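1. pasted the sequence and its predicted model underneath.
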Amino acid sequence: MKRIKEVGPKAFKLLGDETRRKMIFLLRVKELTVSQISGELGVTPQTIYHHIKKLEKIGLVEVSREERIDHIVESYYQATAETFTCSIGSLRKETIKVDMVDVLEGLSKIGFKIKRDDKIVPELIGLETKMIKYKGAKKLEDELVKLEKDLDFMTLQWIKHYADIILMSEEEFAKTQKLSREIRQRLLSICKETPKFA
């Protein structure tokens, strides 16, 4: 098992689920079967199996060994690292592109009438990439990793967000505000209608 492994945003999103986080914590300590994890967490084996396959597919857990008991082969799983980090500042543009397409499709699914515009995705990626430049100091991310066992994913994201704001110089903050306005203008240019949430 690696000590530290950097994972992509999609893997980190999976850890937003409390059951999956608990599974990772267990599998960092020892290798377990699906039924053993089920017993530890009080969750059905079917649910654990569903989660374990997602975690395995994205590279957060792996089969460490298999054991034959009568006619059944039991797989033992372990985490692929003791600590997982996700550096937002090091996102590749291809990853941002995939995420941006998903975001725009998600907006459509919740009722925003988004006009298809092939130029908008690279423009938004360019603006978000510039925005990243002002966020995510490496030392800050190292400190956040220490909080992972005590806080959930969304709380960590808010801590990071606020820390980034506090750490920015006035000039950097002004630049992020300008970039945010540009992003808003691009989004408004493709949004034909907004849903009523009131």
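-> Happy to help now that I have it.
2. residues of stretch 158-167 that come out buried?
-> Buried residues in stretch 158-167, counting neighbours by 16 or more other CB atoms under 10 Å, are found at 160, 163-164. For every residue, glycine as well, the C-beta is placed using N, CA and C.
3. now do stretch 110-126
-> 112, 114, 120-121, 124-125.
4. how about stretch 57-68?
-> By 16+ other CB under 10 Å, the buried positions in stretch 57-68 come out as 58, 60-62, 64.
5. mind checking what helix or strand follows the helix or strand residue 74 falls within in sequence?
-> Following DSSP states H and E, one finds residue 74 within strand 72-79. Sequence-wise, the next helix or strand downstream of strand 72-79 (DSSP H and E) is strand 81-85.
6. so which elements touch that following strand?
-> For strand 81-85, the packing partners by 3 or more CB pairs under 8 Å, 6 or more residues apart in numbering; DSSP states H and E come out as strand 2-6, helix 18-29, helix 138-147.
7. relative to helix 18-29, how tilted is that strand?
-> On the basis of axes from the mean of the first three to the mean of the last three CA atoms, to 10 degrees, strand 81-85 is oriented at 140 degrees to helix 18-29.
8. strands paired with strand 81-85, and their directions?
-> strand 2-6 (parallel) (DSSP bridges).
9. ok so, going back, now, which of the buried residues of stretch 110-126 sits nearest residue 176?
-> Nearest to residue 176 among these: residue 124, at 15.0 Å, using CB to CB.
10. you'd agree the closest one is up against residue 183?
-> Yes. Residue 124 lies in contact with residue 183 (CB atoms under 8 Å); the separation is 6.5 Å.
11. mind checking how far the residue of the chain most remote from its centre is from residue 77?
-> For the chain, the largest distance from the centre (CA atoms, centre = their mean) belongs to residue 70, which lies 39.9 Å off. From residue 70 over to residue 77 the distance is 21 Å, taken as CB to CB, to the nearest Å.
12. just residue 64 next, same as before
-> 7 Å.
13. anything in contact with each of those two?
-> Contact criterion CB atoms under 8 Å, 6 or more residues apart in numbering; residues shared by residue 64 and residue 77: residue 31.
14. domain-wise, how is this protein divided?
-> According to automatic domain parsing, the chain comprises the domains 2-84, 89-193.
15. winner for burial among those?
-> Mean neighbours per residue, mean count of other CB atoms under 10 Å, is largest over the domains of the chain for domain 2-84, with a mean of 15.
16. strands along this structure, start to end?
-> For the chain, applying DSSP state E gives strands covering 2-6, 61-69, 72-79, 81-85, 113-114, 191-193.
17. can you list the strands that the fifth one pairs with?
-> The strands beside strand 113-114 in its sheet (DSSP bridges) come out as strand 191-193 (antiparallel).
18. and the gap between residue 79 and residue 12?
-> Residue 79 is 14 Å from residue 12, where distance means CB to CB.
19. flag the shaky bits of the chain, pLDDT-wise.
-> 1-4, 6-9, 85-99, 132, 135-139, 141-142, 145, 148, 152-153, 198 (pLDDT under 70).
20. now with 90, please.
-> For the chain, residues meeting the criterion pLDDT under 90 lie at 1-22, 25, 28-29, 58-59, 68-73, 81-106, 115-165, 167-168, 195-198.
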